[in-house]
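A.B. asks: Quick one, fold the following:
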Amino acid sequence: MPERGATEWRAAEVAVGFYSGVQRTYLISENPPQLVNIGAVLEPYGIAALTDAPPSQLQGTAQDTDGFLPGFSALRDGLADADPVAAFEALDGFLTSRLRRGVDQRTRAAVALLAEEDIPVAELSRRLGISPSTLQRIMIRDCGITPKSYADVCRFYRFVNAAALLPADS
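C.D. replies: Alright, predicted model coming up:
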């Protein structure tokens with residue numbers, strides 16, 4: 001999977017499974033001719049509840065999951081011949097068993113507001129009743145990304161989704 005570094009593209013090969021975190025750039029995945037895939041989409045703060053690894057070290061890169069979710073390769077090996085329902089149940093059980101802590105409700109609220117609307121960080125922190133520095137600290141702790149960076153990602157996501165809805169002849 002190519003990742004964009006500071007000034008160049010680089011490839012990262014993963015053997016079993018990967019976590020890509022919040023991406024501020026494109027992530028291109030090259031797959032073998034036959035691929036069986038099962039996955040989970042986490043909220044931006046979801047990885048913080050599953051591992052002791054700081055989320056800031058996991059965002060913006062594609063990383064092999066065994067590095068920070070021990071036992072993931074054993075889970076995958078056990079699913080080689082599983083039907084989709086059993087595979088999803090096994091993944092859900094694995095992730096649920098890894099839950100370490102809850103996430104700050106202010107982080108949850110910030111993520112939800114940023115996903116809904118283009119809101120300046122100062123306004124967001126005012127709505128949450130916290131200082132901009134506290135908002136930045138909890139977002140970095142729980143999501144590994146600043147509120148401004150996450151707002152940029154959300155803005156781009158909304159743009160791409162709106163563009164996809166335009167008629168083909170536009």
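A.B. asks: Output the longest helix belonging to this protein.
C.D. replies: helix 147-164 (DSSP state H).
A.B. asks: Check the offset of that one from the chain's centre.
C.D. replies: Centre-to-centre, helix 147-164 and its host chain are 14 Å apart (C-alpha atoms, centre = their mean, to the nearest Å).
A.B. asks: Put the alpha carbons of it into CSV.
C.D. replies: Taking Å, rounded to 0.1, in the frame of the first residue of the first chain, the C-alpha atoms of helix 147-164 are listed here in CSV:
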residue,chain,number,x,y,z
PRO,A,147,-9.5,19.2,15.5
LYS,A,148,-8.4,21.4,12.6
SER,A,149,-6.9,18.4,10.8
TYR,A,150,-10.0,16.3,11.4
ALA,A,151,-12.2,19.2,10.1
ASP,A,152,-10.1,19.2,6.9
VAL,A,153,-10.6,15.5,6.4
CYS,A,154,-14.4,15.9,7.0
ARG,A,155,-14.6,18.8,4.6
PHE,A,156,-12.9,16.8,1.9
TYR,A,157,-15.1,13.8,2.6
ARG,A,158,-18.3,15.9,2.3
PHE,A,159,-16.9,17.4,-1.0
VAL,A,160,-16.2,14.0,-2.5
ASN,A,161,-19.6,12.7,-1.5
ALA,A,162,-21.4,15.7,-2.9
ALA,A,163,-19.4,15.5,-6.2
ALA,A,164,-20.3,11.8,-6.5
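A.B. asks: what's the domain layout of the protein?
C.D. replies: Domain ranges of the chain: 2-98, 105-164, per automatic domain parsing.
A.B. asks: where along the protein do the strands fall?
C.D. replies: In the chain, strands defined by DSSP state E lie at 2-4, 9-11, 18-19, 63-64, listed in chain order.
A.B. asks: looking at these, which has the lowest confidence?
C.D. replies: Note on the strands of the chain: lowest mean pLDDT is at strand 2-4, with a mean of 46.
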